[in-house]
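Visitor: Sequence and predicted structure are below.
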Amino acid sequence: MTLRAAVVTTLLAAGSVLATPAASAAPFDLVGWATQGGGTTGGGNASPVTVSSSSALISAMQSSSPAVIRVSGSISISGMQKVAANKTIIGVGSGAAITGGGLNISNVSNVIVRNINFRGWGDDAINVQYSTRVWIDHNSFSNGNDGAVDVKRASDYVTVSWNKFIDHDKTMLLGHSDDNGGEDRGKLRVTYHHNWFAGTNQRHPRVRFGNPVHVYNNYYAGVTSYGVASTMEAGVLVEGNYFENTEDPFHRGEGSSPAGNLVARNNHFVNSGSGDAGGSVKSIPYSVTLDSAASVKSIVSSGAGTGRI
């Protein structure tokens with residue numbers, strides 16, 4: 001029977017939270033922080049345009065008008081290419097790809113990126129900074145440099161869902177510097193759910209300042225360094241995840257960054273460590289339907305990545 005997760009009540013203190021009931025598989029609809037602040041609709045009802053070249057893609061992404069951009073085939077770009085506000089970028093089928101460079105979602109709002117294979121990027125695959133209301137969903141990331149999905153510099157209201165990250169090092173940074181609290185406090189609120197980390201190394205995510213950050217129903221498979229790190233005044237709720245062959249599923253503090261707050265509940269561990277949690281996290285202002293942690297491996301491995309929507 002499907003039950004609603006009651007996550008909107010009080011501050012969540014470690015050791016004092018209630019277990020969240022199991023639920024059936026979550027749909028692919030937008031949930032989480034990107035539903036807040038007015039919601040995220042991307043290009044909305046704009047007539048879709050299909051692009052198959054770098055020039056057409058860049059022109060469409062940088063248009064001042066709302067746009068739904070359908071990416072057909074593999075498109076090579078160089079550097080970090082700017083994405084303007086009110087855009088939906090969505091791949092056609094399972095083979096749509098952006099290679100060589102990345103998307104720079106900077107100083108804008110209301111952007112959706114779905115169903116794209118990102119490969120071989122030189123800087124970040126997706127960089128979100130000074131931006132709000134962003135949804136990154138059902139993409140696959142492999143064989144790139146630096147961050148796959150980095151969110152920083154006062155960005156807010158972001159959901160990262162149903163993506164697959166393969167054999168990558170620095171997967172997802174949330175907050176770039178311990179010294180940026182003046183911009184980041186009260187922001188950097190992100191939901192990470194139903195993502196598949198397959199043989200990745202670190203930053204799933206690594207969090208500074210964001211509170212509350214919601215990490216739920218993700219599948220960590222053979223993560224080699226650590227799963228989630230809460231640092232520098234952050235507050236991270238880690239619930240209902242499946243950790244397999246992951247020695248360090250979550251902890252507080254990382255590198256020179258001091259420990260943040262982390263509440264962990266109802267996670268499932270297979271040949272993995274137990275993690276380090278402590279402190280309290282602000283309440284989550286939205287409702288979600290949680291899958292039982294034991295079912296997350298099968299649900300995420302059959303639903304994450306490209307070719308599913």
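Guide: Here it is on my side, so go on. For clarity, every value in this text was computed on a predicted model and none was experimentally measured.

Visitor: so what's Ile136 up against?
Guide: Ile112, Val113, Arg114, Ile126, Val128, Val149, Val158, Thr159, Val160, Ser161, Asn163 (C-beta atoms under 8 Å, 6 or more residues apart in numbering). Where C-beta positions appear, they are placed from N, C-alpha and C, glycine not excepted.

Visitor: Tell me the one among these nearest to Gly186.
Guide: Closest approach to Gly186 among these (C-beta to C-beta): Val158, at 14.4 Å.

Visitor: State the distance from that closest one to Ser47.
Guide: The gap separating Val158 from Ser47 is 27 Å, by C-beta to C-beta, to the nearest Å.

Visitor: Please identify which of the two sits among more neighbours.
Guide: Higher neighbour count among Val158 and Ser47: Val158, with 30 against 7, using other C-beta atoms under 10 Å.

Visitor: Alpha carbons only: can I get whichever strand or helix holds the more buried one in PDB?
Guide: Using DSSP states H and E, Val158 falls within strand 156-161. Taking Å, rounded to 0.1, in the frame of the first residue of the first chain, the C-alpha atoms of strand 156-161 are listed here in PDB:
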ATOM      1  CA  ASP A 156      18.400  27.200  -5.200                       C
ATOM      2  CA  TYR A 157      15.300  25.000  -5.800                       C
ATOM      3  CA  VAL A 158      17.100  22.200  -7.800                       C
ATOM      4  CA  THR A 159      16.100  18.600  -8.300                       C
ATOM      5  CA  VAL A 160      18.600  16.000  -9.600                       C
ATOM      6  CA  SER A 161      16.700  12.800 -10.300                       C
END
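
Visitor: which residues are in contact with that strand?
Guide: For strand 156-161, using C-beta under 8 Å, 6+ apart, the contacting residues are 30-37, 40, 128, 132-138, 149, 151, 172, 187-195.

Visitor: Can you pick out the ones from those that are in strands?
Guide: Counting by DSSP state E, those place 128, 132-137, 149, 151, 190-193 in strands.
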